[in-house]
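Colleague: Compute the structure for the input listed below.
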Amino acid sequence: MFESYDFVVIGAGIAGAVVAERLAQSGGFSILVLEASCSAGGLLRSDRDHLTGIKYPIYGSRALYSDDETVIKYLMNFGSFVPYEHRVRARINDRNFVVPINLETINQALGTSFDAEEAKAFVKDDIESSAITQGTLEEAAVTSIGRSLYEMFVRGFLTKQLGADPAILSDDAFNARFPIRFDNEDRFVPAAKWQMLPKNGFDDLIDQLLASSRIDVRFDVGADSFATAKRLSRIGVVHSGSVDALFNQQFGPLEYGENIVCWKHSKPADVQHFPVVTYPDFETPYFRTHAPAYLPNSMADPKAEKILVGYEMSANAAIPDFLSGCPAYRYRYLAKSLENKRRHAVYTSLVSEMSGVYALGRHMIPSPNIGASVGIALETVERIRHSV
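Modeller: Below you'll find the predicted structure:
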């Protein structure tokens, strides 16, 4: 460890790791990475299950998809990848439905036999006859898929995931997360040219990114990480944490919600046979489950007597008795209230005016996918190199 560094990067998630690696290797700078938790990886951290032996993503399954060849070529320098086309199902009344909603979903849910044009006409009529709350997540949803499908597949899911009814939440990125299709395509992101998973997991990929001798990493760094970064950096600070910390919460603190993922072993016959299943009803306490054994990089034993399943729910929800005592992992997300959206916009608009400070990551741009996060990180490095 040195007394000072050219750059200090706050956050050892995928975005921070990419910036640190590029500044160190292509720029020749000395880098210190400050991480609040006990290990690198952020929401992509994994652990090894003692019973089944598989590596599992403690905060739930995520996939890498991108149309950006630069992103893919860059990441392939740090490990091997396996092809993976992400597919998700929604579970309602013991029936599985394809999500995002497609023609098969519409007909299965409504008991119809619409063709594409008939389905489009139904959704159009449903949208036009729906009462909505203007400027909200509910408006974004209902004007995209109609009230009927919204109530069946979206409202309960988002209410449980985000801790409030979409009628009082901001409308960020609904269409990117919940598209509607009028064919039978069931891949989550069918248009993405590259869809894959790191063979050894995302945490191994991030460890490889941070392996340069020019990079030091400090874990368990407290809430004063920005002050520490400014004191130790000679040229600049790259911040991938909460953006209000850059301004001492001058305009009030940003609100964060909290979810948990509880992991439990079950018999294969008793659980899902998809990597990810959502639960959009209001009765089920969890909104999503994860079965990493069905991911192509898990190397799970197909004859295993037990399978590991993660149950994702609000940290404020009552944990079901069958999950009592199970390992649980908490993560935060930027709250989607209308006031929080306004306050976040104020803080992000001020970042560009700061000298020697660069902000990125999921706290700066909520809900970016992994490929987009890497792309933004690479662009940030180019911006830094042109400014120093």
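Colleague: in what helix or strand does residue 3 lie?
Modeller: Secondary structure from DSSP states H and E places residue 3 outside every helix and strand.
Colleague: Ok, residue 196 next?
Modeller: strand 194-198.
Colleague: quick one, the helix or strand following that strand and strand 194-198 angle?
Modeller: Read in the C-terminal direction, the helix or strand following strand 194-198 is helix 202-209, with elements assigned using DSSP H and E. Computed with axes from the mean of the first three to the mean of the last three C-alpha atoms, to 10 degrees, the direction of helix 202-209 lies at 90 degrees from that of strand 194-198.
Colleague: could you give me the average pLDDT of helix 202-209?
Modeller: Mean pLDDT, helix 202-209: 96.
Colleague: The stretch 1-150 of the chain: strands as residue ranges?
Modeller: In the stretch 1-150 of the chain, the strands defined using DSSP state E, counting those that start in this stretch lie at 5-10, 31-34, 46-48, 55-57, 64-66, 81-83, 88-92, 95-99.
Colleague: Please compute how far the longest one lies from its chain's middle.
Modeller: Spelled out, that is strand 5-10. Going by C-alpha atoms, centre = their mean, to the nearest Å, the spacing between the C-alpha centre of strand 5-10 and its chain's C-alpha centre is 25 Å.
Colleague: Look at the nearest residue in space to residue 218 that is not next to it in sequence and say how many residues are nearby.
Modeller: Excluding its sequence neighbours, the residue lying closest to residue 218 (C-beta to C-beta, 6 or more residues apart in numbering) is residue 34, at 5.5 Å. The C-beta positions use only the backbone N, C-alpha and C, and glycine is treated the same way. When neighbours are counted by other C-beta atoms under 10 Å, residue 34 registers 26.
Colleague: OK, contacts around residue 34?
Modeller: Shown here is residue 34, whose contacts under the criterion C-beta atoms under 8 Å, 6 or more residues apart in numbering are 8-12, 218, 221, 225, 228-229.
Colleague: that older thread, columns mean pLDDT and distance to residue 158 on top of the strands of the stretch 1-150 of the chain, output as TSV?
Modeller: Conversion of these to TSV gives the following (pLDDT from 0 to 100; distance: least, C-beta to C-beta, whole Å):
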stretch	mean pLDDT	distance to residue 158
strand 5-10	97	30
strand 31-34	97	33
strand 46-48	94	27
strand 55-57	95	22
strand 64-66	96	22
strand 81-83	97	30
strand 88-92	96	13
strand 95-99	96	13
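Colleague: of all the ones you listed, which lies closest to residue 182?
Modeller: Checking those against residue 182 by C-beta to C-beta gives strand 95-99 as the closest, at 12.7 Å.
Colleague: Quickly find the element holding residue 156.
Modeller: In the assignment (DSSP H and E), residue 156 maps to helix 155-162.
Colleague: max-length strand in the chain?
Modeller: Selection of the longest strand in the chain by residue count, based on DSSP state E, yields strand 256-266.
Colleague: Just the buried residues of that one, please?
Modeller: Buried residues in strand 256-266, counted by 16 or more other C-beta atoms under 10 Å: 257, 259-264.
Colleague: so where is this protein shaky, pLDDT-wise?
Modeller: Along the chain, the model assigns pLDDT under 70 to residues 1, 173-176, 223, 366-367.
Colleague: try 80 this time
Modeller: Segments of the chain classed as low confidence (criterion: pLDDT under 80) are 1-2, 133, 172-178, 222-224, 302, 362-368.
Colleague: what's the domain layout of it?
Modeller: For the chain, automatic domain parsing gives the domain ranges 5-40+210-252+338-387, 98-177.
Colleague: Now tabulate those domains in CSV and tack on distance to residue 81.
Modeller: Compiled in CSV, the domains of the chain are given as follows (distance: least, C-beta to C-beta, whole Å):
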stretch, distance to residue 81
domain 5-40+210-252+338-387, 12
domain 98-177, 23
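Colleague: Any idea which of these gets closest to residue 276?
Modeller: Ranking the domains of the chain by proximity to residue 276 (C-beta to C-beta) places domain 98-177 first, at 9.4 Å.
Colleague: what's the distance between the closest one and the middle of its chain?
Modeller: Between the mean C-alpha location of domain 98-177 and the chain-wide mean there is a distance of 21 Å, by C-alpha atoms, centre = their mean.
Colleague: Please report how far the residue nearest to residue 218 lies from residue 377.
Modeller: Residue 34 sits 16 Å away from residue 377 when distances are taken as C-beta to C-beta, to the nearest Å.
Colleague: residues in contact with the strand holding residue 196?
Modeller: Looking at what lies outside strand 194-198 - C-beta under 8 Å, 6+ apart - the contacts are 63-67, 69, 72, 79-86, 187, 189, 204-205, 295-297, 371.
Colleague: mind redoing it with 7 Å?
Modeller: If you take C-beta atoms under 7 Å, 6 or more residues apart in numbering as the criterion, strand 194-198 is touched by 63-66, 72, 79, 81-86, 189, 204-205, 295-297.
Colleague: same question, stretch 224-236
Modeller: Counting by C-beta under 7 Å, 6+ apart, the neighbours of stretch 224-236 from elsewhere in the structure are 4-8, 10, 32, 34, 36, 221, 237, 239, 241, 245-246, 356-358, 384, 388.
Colleague: Can you say which of those residues are buried?
Modeller: For these, burial is judged from neighbour counts taken by 16+ other C-beta under 10 Å, and it is met by 5-8, 10, 32, 34, 221, 237, 239, 241, 245-246, 357-358, 384.
Colleague: which parts of stretch 117-132 are buried?
Modeller: Residues 119, 122-123, 126-127, 130, 132 are the ones in stretch 117-132 that count as buried (16+ other C-beta under 10 Å).
Colleague: Ok, stretch 291-311 next?
Modeller: When neighbours are counted by 16+ other C-beta under 10 Å, the buried residues of stretch 291-311 are found to be 291-295, 297-298, 300, 304, 306-311.
Colleague: How about stretch 93-108?
Modeller: When burial is assessed from 16+ other C-beta under 10 Å, stretch 93-108 yields the following buried residues: 97-103, 105-107.
Colleague: Also stretch 66-82?
Modeller: 66, 68, 71-72, 74-75, 78-79, 81.
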